[in-house]
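K.L.:
pasting a predicted model and its sequence here:
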Amino acid sequence: MAIFRQVQTNFASGELNPLMRFRSDTGAYQNGASKLRNVSLLNTGGVTRRPGTIHLDVLSARSRLISFDFDENERYVLAFSANALTVYSINGVLLTTVTSNASWSASELFELTYTQVGDTMIVAHQSWAPRIIRRTGSSTFTITPLAFDQSVNGDKTYQPYYKFADDSVTLSCSATTGSVTVTASAPVFSSDYVGLRLKWQTVEVEITGYTDASNLTGTIRGTLQAEYDIDPFRSTLGSSVIEVTHVLHGFSSGQNVTISGANGFGGIEAAALNGSKTITVVDDNVYTFTITGSPTESVDGGGPSVKYTSSSTATRTWYEPVFSTPNGWPAAVAFHEGRLWFGGTTSQPDGLYGSTVNQYFNFDVGEGLDNQAIQVSIGSEDISNIQHLISNRDLQIFTATGEFVAAKPIGKPLTPSDTRVSRQTPYGSSKVTPIPFDGGTLFVQSSGKSVREFIYADTENSYASTDLSLLAGHLIVSPRDMAVLYGTATRNEQYAALVNSDGTLAIFHSARAEGLAGWTLWSASDGSFDSVCSVNNTLYVSVLRDGSYALEKFAPDDSLTVDSSRTYTAGTPGTVWIVDSALDGETVHVFGDGEYLGEHIISSSTLTLEDPVSTITVGYNYTPEIKTLPANIMLPSGSMAGMPKRITKVYVGLDTTLGVSVEGNRLILRHVTDDLSINVEPYSGIAEFYILGYYKEAQVTLSQVDPVKMRVLGLNMEVAF
């Protein structure tokens, strides 16, 4: 019988897809595993039992968790539930619950997009107006609908406008001031227009009533007056007819127009140009009127500030609010380069809107100056519904059909004149909010089957979307939530956590500088994970157990080894402990003064121990599993893949371990003194296990029975054939 030894020095490639079990030719195979469940990958290559969770509170309903970071001393966990927002401190203390203006439904929770700066968070969804969540005190928050800035006199609302009706549709008002009837030349209105402001040329009309699809009532904010382009008039030598250039004027022959602000030119006095004029339409862009007197030359003129007004003037130049019930609300929101950005309404799914610099609620495009608002569209060949906006190296735009960026010019910020949106990759994003991570941005592909990294490639001068889950796609099951953890108070590993639709957590470990990337899978003890967020270097989760949802947080490291843990302390050591009534009838695992005391059943909120202790921690066990890929032996005659072989012995490298089983054989740790009051010392070193049986795919499974520390550095398998 021949003996072959196969060493696995690390697990850095994580759990690999079962379809990889014959790919022993790859580097990932050498450093991967068939299963890595309820364990964490370490930067050094080993794995450790995943941290347990600490029970914080029972949630009132299913909730989406989102972090709120005001400053390093005031951070919060926001729990969004149907028509409510519950605010927790990072210690799980319920601070306040807000229901006023909490418009989100249960079905919309995982479709919300959000952004935050300082004490203000903005939450968006296409079904309702964006909500502004403000921290007004250390434990008080308010929710209000988005309100745009206005001029001092209230006549102008600085919101984005757009003409949604066909270009040929005109709008007229029955008077130039006060209360008017607003008439469209086609049926384009509904009762949802009441309360909105339409813009006739540059003047806003506040809608107060609905008559029918073509007629509204409203109040003109100011005077119905508009301004021509510079020098709109053209004189002809010897002719009293003045030609007016007015693009898409919408007027009719015989209509009266009142002109003001015109300067004299070409031998014509200003008085001859200003005042009420009866016009004759030449075409859609030109009309004429007659003056007294005769020009002395043929020339353009009138000056830079010529205005006109007319009762019942029908104009094609009119606009509706971009964000409204009739036209839809933005699906995506982000703060980027001193601007507030919105994108993706129902009527303009590829529209992108940026506020005035440092005036987050002013979206007036004005004259297109560098600091004024930006209003563009993606303009892709397909309909690119904007799902998310992410502020990273550039403004990143994730749509249902592809990934785009609004890249700034070198050395300049984005401005109205140079904002260009370009497609980078063609995969499309799901509703899961993308998150910056390790130099790129993680997003879940629209299929729900892949997790990709959107990252800038200097060599290509463009972005790429690398499939991070290519070798572990079986662990990605239509994720609904995602968070990232950049190390904890005791560990420097960084992870991304994705909540799968089956209630598991797919955990991605990455250290780009060292070339480390791998996946593991975590499951909740006696329950399922539902939402996740990261606050203050801690992962918080919503967990569904026995029909109710709980807020829990992961411990910073593997020093806690049970889920939904509760800790109780007594001034005097005792054997009888009163615990939460929620644990009645539950079988829990108990630690007393740091030592594992086994399983106990809670009866009438009481736990009885054999020996007195000062502190207990109770919680639920979860089972780690490490299963190697099939041992592969290469002989001069070829591979032994698929041929019977036996793993006779396994040497496992362990660090600070209190318990591990290899193929059901448990590591036994004993007291080294007769003093049983001293806790068992964790084991660090190489443990030897003997294995029986021949298998075509010889693999080794490491697991645990008791919820104690386990850290596996690597293993050496002795294979006989």
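P.N.:
That came through, no problem.
K.L.:
separation between Ser478 and Ile386?
P.N.:
21 Å (Cβ to Cβ, to the nearest Å). To be clear about C-beta, it is placed using only N, CA and C from the backbone, and glycine gets the same treatment.
K.L.:
and Cys321, how many neighbours?
P.N.:
For the record, residue 321 is Pro, not Cys. The local packing of Pro321 (other Cβ atoms under 10 Å) involves 21 other residues.
K.L.:
who does it form a beta bridge with?
P.N.:
Beta-bridge pairing of Pro321 under DSSP bridges involves Tyr161.
K.L.:
check contacts around it.
P.N.:
Counting by Cβ atoms under 8 Å, 6 or more residues apart in numbering, Pro321 touches Gln159, Pro160, Tyr161, Leu196, Arg197, Asn327.
K.L.:
cool, and Arg711?
P.N.:
Per Cβ under 8 Å, 6+ apart, neighbours of Arg711: Leu42, Gly46, Val47, Thr48, Arg49, Asp558, Leu654, Asp655, Thr656, Thr657.
K.L.:
drop anything exposed from the residues you listed.
P.N.:
Leu42, Gly46, Val47, Thr48, Arg49, Asp558, Leu654, Asp655, Thr657 (16 or more other Cβ atoms under 10 Å).
K.L.:
quick revisit: would you turn the contacts of Arg711 into CSV with distance to Arg646, pLDDT and secondary structure?
P.N.:
Listed next are the contacts of Arg711 as CSV, based on distance: Cβ to Cβ, whole Å; pLDDT from 0 to 100; DSSP: H, G, I helix; E, B strand; the rest coil:
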residue, distance to Arg646, pLDDT, secondary structure
Leu42, 30, 96, coil
Gly46, 26, 96, coil
Val47, 25, 97, strand
Thr48, 29, 97, strand
Arg49, 29, 98, strand
Asp558, 33, 92, coil
Leu654, 23, 96, strand
Asp655, 28, 96, strand
Thr656, 31, 95, strand
Thr657, 26, 96, strand
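K.L.:
ok, so of these, who is nearest Thr459?
P.N.:
Nearest to Thr459, judged by Cβ to Cβ, of these is Leu42 at 31.2 Å.
K.L.:
nearest to Asn461 among the contacts of Arg711?
P.N.:
Leu42 (35.8 Å).
K.L.:
for the closest one, give its distance to Phe529.
P.N.:
Taking Cβ to Cβ, one finds Leu42 at 22 Å from Phe529.
K.L.:
repeat for Ser465
P.N.:
Ser465 is 26 Å from Phe529, by Cβ to Cβ.
K.L.:
next: Thr608.
P.N.:
32 Å.
K.L.:
looking at these two, which one has more neighbours?
P.N.:
Shown here are Thr608 and Phe529; by other Cβ under 10 Å, Phe529 has more neighbours (24 against 12).
K.L.:
pretty sure that one is in a strand, no?
P.N.:
Yes. Under DSSP: H, G, I helix; E, B strand; the rest coil, Phe529 sits within a strand.
K.L.:
mind listing the residues bridging to it?
P.N.:
Val543.
K.L.:
ok, it to Tyr540 distance?
P.N.:
11 Å.
K.L.:
Tyr29 too?
P.N.:
Looking at Tyr29 against Tyr540, where the rule is Cβ to Cβ, the gap reads 35 Å.
K.L.:
what of Gly379?
P.N.:
In terms of Cβ to Cβ, Gly379 sits 40 Å off from Tyr540.
K.L.:
looking at the two now, which is surrounded by more residues?
P.N.:
Remark: of Gly379 and Tyr540, Tyr540 carries more neighbours, 26 against 11, as counted by other Cβ under 10 Å.
K.L.:
which residues touch the more buried one?
P.N.:
Contacts of Tyr540 by Cβ under 8 Å, 6+ apart are Leu56, Leu65, Ser67, Val77, Val532, Cys533, Ser534, Leu551, Glu552, Lys553, Phe554.
K.L.:
I'd like to know which of the residues you listed is nearest to Gly154.
P.N.:
Ser67 (37.0 Å).
K.L.:
element containing that closest one, please.
P.N.:
strand 64-71 (DSSP states H and E).
K.L.:
what sits up against that strand?
P.N.:
In contact with strand 64-71 (Cβ under 8 Å, 6+ apart) are residues 75-81, 87, 109-110, 112, 114, 116, 118-119, 121, 133, 135, 481, 483, 531-536, 540-542, 551.
K.L.:
just the ones of those residues in strands?
P.N.:
75-81, 87, 114, 116, 121, 133, 135, 481, 483, 531-535, 540-542, 551 (DSSP state E).
K.L.:
hmm, Ala33 and Pro624 touching each other?
P.N.:
No. Checked against Cβ atoms under 8 Å, the pair Pro624 and Ala33 is beyond contact range at 11.9 Å.
K.L.:
so what's the residue count around Ala61?
P.N.:
14.
K.L.:
helices of the stretch 151-300 of the chain, start to end?
P.N.:
Ranges of helices within the stretch 151-300 of the chain are 270-273, based on DSSP state H, counting those that start in this stretch.
K.L.:
same list, the buried ones among the contacts of Arg711, but as JSON lines with distance to Thr183 please.
P.N.:
JSON lines is the format used below for the buried ones among the contacts of Arg711 (distance: Cβ to Cβ, whole Å):
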{"residue": "Leu42", "distance to Thr183": "72"}
{"residue": "Gly46", "distance to Thr183": "75"}
{"residue": "Val47", "distance to Thr183": "72"}
{"residue": "Thr48", "distance to Thr183": "73"}
{"residue": "Arg49", "distance to Thr183": "73"}
{"residue": "Asp558", "distance to Thr183": "72"}
{"residue": "Leu654", "distance to Thr183": "83"}
{"residue": "Asp655", "distance to Thr183": "80"}
{"residue": "Thr657", "distance to Thr183": "81"}
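K.L.:
ok, the residues you listed vs Tyr620, which is closest?
P.N.:
Nearest to Tyr620 among the buried ones among the contacts of Arg711, with distances taken as Cβ to Cβ, is Arg49, at 14.0 Å.
K.L.:
what are the bridge partners for that closest one, then?
P.N.:
Val39.
K.L.:
Tyr620 now?
P.N.:
The residues that Tyr620 bridges to, once DSSP bridges is applied, are Asp563.
K.L.:
what about it, how many neighbours?
P.N.:
22.
K.L.:
wait, doesn't it sit right on Glu599?
P.N.:
No. Judged on Cβ under 8 Å, Tyr620 makes no contact with Glu599 at a distance of 10.4 Å.
K.L.:
overlap of the contact sets of those two?
P.N.:
Val588, His589.
K.L.:
for the residue most central in space within the chain, give me the pLDDT.
P.N.:
Centrality entry for the chain: nearest residue to the mean C-alpha point is Thr433, 2.5 Å, by Cα atoms, centre = their mean. Looking at Thr433, its pLDDT stands at 97.
K.L.:
which ones are touching the closest residue to Thr97 other than its chain neighbours?
P.N.:
Excluding its sequence neighbours, the residue lying closest to Thr97 (Cβ to Cβ, 6 or more residues apart in numbering) is Thr86, at 4.8 Å. Taking Cβ under 8 Å, 6+ apart as the criterion, Thr86 is in contact with Leu59, Ser60, Ser63, Leu78, Ala79, Leu94, Thr96, Thr97.
K.L.:
including distance to Ser446, could the contacts of Tyr540 go into CSV?
P.N.:
Output for these, formatted as CSV (distance: Cβ to Cβ, whole Å):
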residue, distance to Ser446
Leu56, 34
Leu65, 23
Ser67, 25
Val77, 29
Val532, 21
Cys533, 23
Ser534, 24
Leu551, 30
Glu552, 30
Lys553, 31
Phe554, 29
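K.L.:
doesn't Phe148 belong to a strand?
P.N.:
No. When classified by three-state DSSP, Phe148 is found to be coil rather than part of a strand.
K.L.:
let me see the backbone angles for it.
P.N.:
Phi and psi for Phe148, reported as degrees, to the nearest 10, are phi -80, psi 150.
K.L.:
check contacts around the closest residue to it other than its chain neighbours.
P.N.:
Spatially, and ignoring its direct neighbours in sequence, Phe148 is nearest to Gln159 (4.2 Å; Cβ to Cβ, 6+ apart). By Cβ under 8 Å, 6+ apart, the contact list for Gln159 reads Phe148, Arg197, Pro321, Val322, Phe323, Phe363, Asp364.
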